[in-house]
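Chemist: Whatever this is, show me its structure:
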Amino acid sequence: MSLFQRALPVIALTFVDVLGLTIILPLLHLYALQYSATPAQIGLVAAAFPLAQLIGVPVMGALSDRYGRKPLLLISQVTTCLSFIMLALAGSLEMIILSRIFDGLFGANLATAQAAITDLTDESTRARGLGLTGAAFGFGFLIGPAISLAALEVSPSLALPAWIAAAYSFMSILLTLFAFKETLSPEKRGASQRGIGAVLFASMRMIRRPGVNVLLVLMFAQQFVFFAFESLLGLFILSRLGLLGQSSALVFIYVGAILIYGQVRLI
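Modeler: Residues are numbered from 1 along each chain as shown. This is a model prediction of the structure:
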């Protein structure tokens with residue numbers, strides 16, 4: 001069986017999960033502005049998810065090492081689906097922020113999917129396997145904003161894209177439940193019995209390791225710039241050009257096309 005065939009369920013899961021996320025991403029500033037948020041509050045809406053991920057992803061990753069990828073994927077996807085429903089039903093800025101924190105704490109979908117890819121590959125095929133998930137991420141980044149754009153053309157309601165995102169998230173739950181086979185063998189589970197505190201500070205220990213620390217710093221710098229771009233782009237377009245979510249979605253579609261080319265052709 002080829003690497004692509006073995007990794008296909010993980011690739012499909014990555015695509016569907018990113019699809020749900022990127023339907024919402026170009027519109028978060030509009031959710032905040034709907035409630036006359038201050039600049040600081042808009043920044044909090046954007047920052048709530050990654051701040052929660054700082055705590056949630058390492059813990060969920062450690063739990064997936066102990067109990068397997070599939071149960072943690074299901075937990076992540078169920079909470080992501082619930083967070084989109086919370087966003088669709090939100091009647092206040094506090095509820096929007098809470099939905100992003102809830103997803104950030106428990107939504108380690110992509111990190112767990114990447115861990116599954118490392119289970120399925122060895123050193124000679126790992127870059128290719130991660131490139132395939134990167135391509136799935138790019139396709140999601142392309143199609144998700146396109147769906148968001150179409151939804152806004154059909155209805156001005158910001159709840160509609162959130163409901164669509166919740167539907168795609170529910171599809172990912174079904175995919176995991178019925179198509180995904182556990183990739184971490186029973187003998188490899190529970191190899192690490194580190195406590196939660198040790199897991200949270202593992203990255204600090206990694207920074208001191210030669211060969212890893214430079215890569216971690218580079219990854220942090222790249223993620224910092226990219227997340228600042230994707231979080232503030234919509235607000236920038238709105239304040240400088242007076243354009244709404246449709247224009248932001250078009251830029252995200254363009255970014256998705258570049259991501260696909262980079263992952264499929266270059267990596």
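Chemist: Only C-alpha atoms from now on, for both contacts and neighbour counts.
Modeler: Will do.
Chemist: correct me, but residue 145 touches residue 255?
Modeler: No - Residue 145 is beyond contact range of residue 255, at 10.2 Å (criterion: Cα atoms under 8 Å).
Chemist: more neighbours, the two?
Modeler: residue 145 (32 against 15; other Cα atoms under 10 Å).
Chemist: so what's that one up against?
Modeler: Neighbour list for residue 145: 22-26, 249-250, 252-253 [criterion: Cα atoms under 8 Å, 6 or more residues apart in numbering].
Chemist: tell me which element it is part of?
Modeler: helix 126-154 (DSSP states H and E).
Chemist: Just the buried positions in the next helix-or-strand element following that helix, please.
Modeler: Stepping forward along the backbone from helix 126-154, the first helix or strand reached (DSSP H and E) is helix 159-178. When burial is assessed from 16 or more other Cα atoms under 10 Å, helix 159-178 yields the following buried residues: 159-173, 175-176.
Chemist: Touching, residue 19 and residue 148? I think so.
Modeler: No - in this structure, residue 19 is not within contact of residue 148 by Cα under 8 Å, at 9.9 Å.
Chemist: low-confidence ranges in the stretch 101-250 of the chain?
Modeler: Regions of the stretch 101-250 of the chain meeting the criterion pLDDT under 70 cover residues 190-204, 206, 244-245.
Chemist: run the last query once more with 90
Modeler: Regions of the stretch 101-250 of the chain meeting the criterion pLDDT under 90 cover residues 104, 106-158, 179-181, 183-220, 222-250.
Chemist: Give me the helices and strands touching the helix or strand harbouring residue 219, please.
Modeler: Element membership for residue 219 (DSSP H and E) is helix 213-241. Helix 213-241 sits against helix 28-33, helix 202-207, helix 245-261, with contacts defined as 3 or more Cα pairs under 8 Å, 6 or more residues apart in numbering; DSSP states H and E.
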